[in-house]
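Novice: Fold the following for me, if possible:
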Amino acid sequence: MAGKKTLRKKYKVGLVFQVAIFFVIGVVVTGLLAYGILERVYESGVKTQKETLASQISNETRDLITEYPAWEWMLDYWFKNSDKLDLEYDAGEKTDIKARAFVKRNKGFIISTATKEEIQALSEEDQKEYAEITYNWILQSFNSITKSYQVSFLYCMACSDDYKKATFLINGNAGKLKRGTKYGQAYLMGVTVDTTPAQEKSISKAIIKNDFLVASGDFIDKYQYLKAIGKKHYIVGVTYDLKAFEKEVNAQTITGVGFFVMLQIVLSVLCLVLIYIFNLKPLKSVQSSVQQYGYSKNVEEAIEQLERIKTHNEIEALSIDLVDMIKSIKSYIGEIALINKEKERIATELNIATRIQSEMLPSVFPPFPQRDEINLYASMDPAKEVGGDFYDFFFVDEKHIALVMADVSGKGVPAALFMVIAKVLIKNRMQMGDTPAEALRNVNNQLCENNGSGMFVTVWLALIDIETGDGLAANAGHEHPVLKRKDGSFELIKYRHSPAVAIMEDMEFREHSFHIEPGDMIFVYTDGVTEAQNASNELYGEERMIEALNKCVDCDITGVVNGIKESIDEYVNGATQFDDITMLAFVFKNYYKDKD
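Specialist: Numbering: from 1, shown residues only. Alright, predicted model coming up:
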């Protein structure tokens, strides 16, 4: 007995020693790593300040330009006539003289409030002078902001549609840079440069989101989108060079490391004392009670001993948990029976949900036997009992049919609920007379309301006139459709997509027109087709899908859809299905003829 007590005492002291060693190692490692960590923290703080300032400046420079009612005309004129304008880059006296003469010559004309129509009513020479005056005034403001806020670069530029070329119109200068056409200089108007891949990506995001902030390396760039005029996108940009703030960051880092290490030493000693008082001693009582229960199997006695432990910390919580565990053993079998019963109830409800979802999707084919102008076939195989994919087709009026293929983010019951709402809203908007783009815009705003779960849905939506074969389609982040012309082969129809529905309110969706002839087939699908995986986690892919479709080039629409499903099943070879697989084939057979 004395030997056991000595062993337990040594064990207890050894634990304290081990914990102390861990704390010492922690302090040493912290001291070695703290400098690098805190340096990043303080550097991040400086960057955050500059990012905020960059956003404020971009807004201010945007307002400088757009406060002129004719600002769009000005930007377009500057871009098209950059090599013809007489500009004043570093002073304002010449511009002021020119402005006074301009106003005197054009009595009643107010430069700052003139509209596009008023300007275009002027002579060509006066239009040129107006463009020069407003440019020089705005440039003076750009120069002032650049100097006041110590901005590295402040500019307004015009980008091409592919974002690979940027033409600089206004470039602020605090007097520190040389004006010219070379990189690193304050550009003269009309200098065109190639953008980097990173700039292309940032500019494209700025155009989508109206503004975009990117911090890379030693620079912070803020892009503020103005507007697309003609084939050019006009953007205001702000750049900060962070190298000048290195000393400030280093000083803050050294101070922070010293304070952090001293604080950790004090806290380590305090933690060691508290661990000994509030953990080790009560833990011995718990150990004794558990050992007694193990020897005697006396449930009541073990519970009585454990309930006497009152430490008001995790040890007391552990003793309470042990009491609950001992009590729960008695009722374990009964609980298992209840769990099995609950599982059966859930399985039954999921089966009902599966049937309800299946009944919501059109499932009778051919769906419009009285309409010999078209034919349709579709299928949906959910990855779980219920899924988020859905398809739909319905006549908006006698001569127009709508086709829908959509995929809700996520799977299971949440995706199914979101799918039901999206399906009903899309059909409702289309039957109210919306075009595909209008329908997606209205549905997007409705789904964004109270969308706390952050769910979204990708949608391909088309409206086809079966009297002419003309159609309109909008693609909100969905897969590319496939088209087979009569006597032709299947091919992907690729074009720029809009963002998915329910990501952000007040989004506009792109819409494009197309034309189909009798005998043409449209095939649409969800990403469960192309992203089906085999046992090696290799994707089925678009190329394999097109190859499988072209093997069914002479099949009817049922054979096309079933052929793709068989091809997927053969490829995955029994691997688990991770996503819903949904497909729809539409054949335009002949033009509509009014039966009357």
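Novice: most centrally placed residue in this structure?
Specialist: Central residue of the chain (CA atoms, centre = their mean): I503, 7.5 Å from the mean position.
Novice: residues in contact with the closest residue to V193 other than its chain neighbours?
Specialist: Using CB to CB, 6 or more residues apart in numbering and skipping residues adjacent in sequence, the residue nearest V193 is A166, 5.7 Å away. To be clear about C-beta, it is placed using only N, CA and C from the backbone, and glycine gets the same treatment. Neighbour list for A166: 157-160, 192-193, 195, 199, 203 [criterion: CB atoms under 8 Å, 6 or more residues apart in numbering].
Novice: Spatially nearest residue to the residue nearest to the centre of the chain (excluding sequence neighbours)?
Specialist: F456 (5.1 Å).
Novice: Check the one you found and give its pLDDT.
Specialist: Listed pLDDT for F456 reads 95.
Novice: number of nearby residues for it?
Specialist: When neighbours are counted by other CB atoms under 10 Å, F456 registers 24.
Novice: from what I can see it touches M504, true?
Specialist: No. Contact criterion CB atoms under 8 Å: F456 and M504 do not qualify, at 9.5 Å.
Novice: how near is F418 to D218?
Specialist: For F418, the distance to D218 equals 44 Å [CB to CB, to the nearest Å].
Novice: higher neighbour count, these two?
Specialist: Shown here are F418 and D218; by other CB under 10 Å, F418 has more neighbours (21 against 13).
Novice: what touches both of F456 and M504?
Specialist: By CB under 8 Å, 6+ apart, no residue touches both F456 and M504.
Novice: on that earlier part again, so what's the residue nearest to the centre of the chain up against?
Specialist: I503 neighbours (CB under 8 Å, 6+ apart): 444, 448, 456.
Novice: Identify, from these, the entry nearest to S379.
Specialist: Comparing the contacts of I503 against S379 with CB to CB places F456 closest, at 23.7 Å.
Novice: Relative to G471, how far out is P362?
Specialist: P362 is 19 Å from G471, by CB to CB.
Novice: Kindly report the same for A378.
Specialist: 18 Å.
Novice: and those two? which has more neighbours close in?
Specialist: A378 (24 against 21).
Novice: Torsion angles phi and psi at R62?
Specialist: phi -60, psi -40 (degrees, to the nearest 10).
Novice: got a list of what it touches?
Specialist: R62 is in contact with 224, 226, 236, counting by CB under 8 Å, 6+ apart.
Novice: residues contacting the closest residue to A500 other than its chain neighbours?
Specialist: Distances taken as CB to CB, 6+ apart place G477 nearest to A500, at 3.6 Å, with adjacent residues excluded. G477 makes contact with 456, 458-459, 497-501, according to CB under 8 Å, 6+ apart.
Novice: try it again with 7 Å
Specialist: 458, 497-500 (CB atoms under 7 Å, 6 or more residues apart in numbering).
Novice: Mind picking the lowest-pLDDT entry from those?
Specialist: Within those, pLDDT is lowest for H497, at 91.
Novice: that older thread, look at the residue nearest to the centre of the chain and give its secondary structure.
Specialist: coil (DSSP: H, G, I helix; E, B strand; the rest coil).
Novice: Kindly state the pLDDT recorded for it?
Specialist: 94.
Novice: ok, now Q199?
Specialist: At Q199, pLDDT is 80.
Novice: Which element, helix or strand, includes it?
Specialist: helix 197-209 (DSSP states H and E).
Novice: to the chain's geometric centre, what's the distance from that helix?
Specialist: Distance of helix 197-209 from the chain centroid (CA atoms, centre = their mean, to the nearest Å) equals 14 Å.
Novice: Tabulate the CA atom coordinates of that helix in CSV.
Specialist: Presented in CSV, the C-alpha positions along helix 197-209 are these (Å, rounded to 0.1, in the frame of the first residue of the first chain):
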residue,chain,number,x,y,z
PRO,A,197,-2.1,38.7,-65.9
ALA,A,198,-2.6,39.9,-62.3
GLN,A,199,-3.9,43.3,-63.5
GLU,A,200,-6.2,41.6,-66.0
LYS,A,201,-7.7,39.5,-63.2
SER,A,202,-8.1,42.5,-60.9
ILE,A,203,-9.6,44.8,-63.6
SER,A,204,-12.1,42.2,-64.6
LYS,A,205,-13.2,41.8,-60.9
ALA,A,206,-13.4,45.6,-60.6
ILE,A,207,-15.7,45.7,-63.6
ILE,A,208,-18.0,42.9,-62.2
LYS,A,209,-18.0,44.3,-58.6
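Novice: How much space separates the residue lying closest to F490 once chain neighbours are set aside from G519?
Specialist: Counting by CB to CB, 6+ apart, L549 is the residue found nearest to F490 once chain neighbours are left out, at 4.0 Å. Distance of L549 to G519, computed by CB to CB: 16 Å.
Novice: higher neighbour count, those two?
Specialist: When L549 and G519 are compared for neighbours, L549 comes out ahead with 23 against 14, by other CB under 10 Å.
Novice: residues touching N451, list them.
Specialist: N451 neighbours (CB under 7 Å, 6+ apart): A502.
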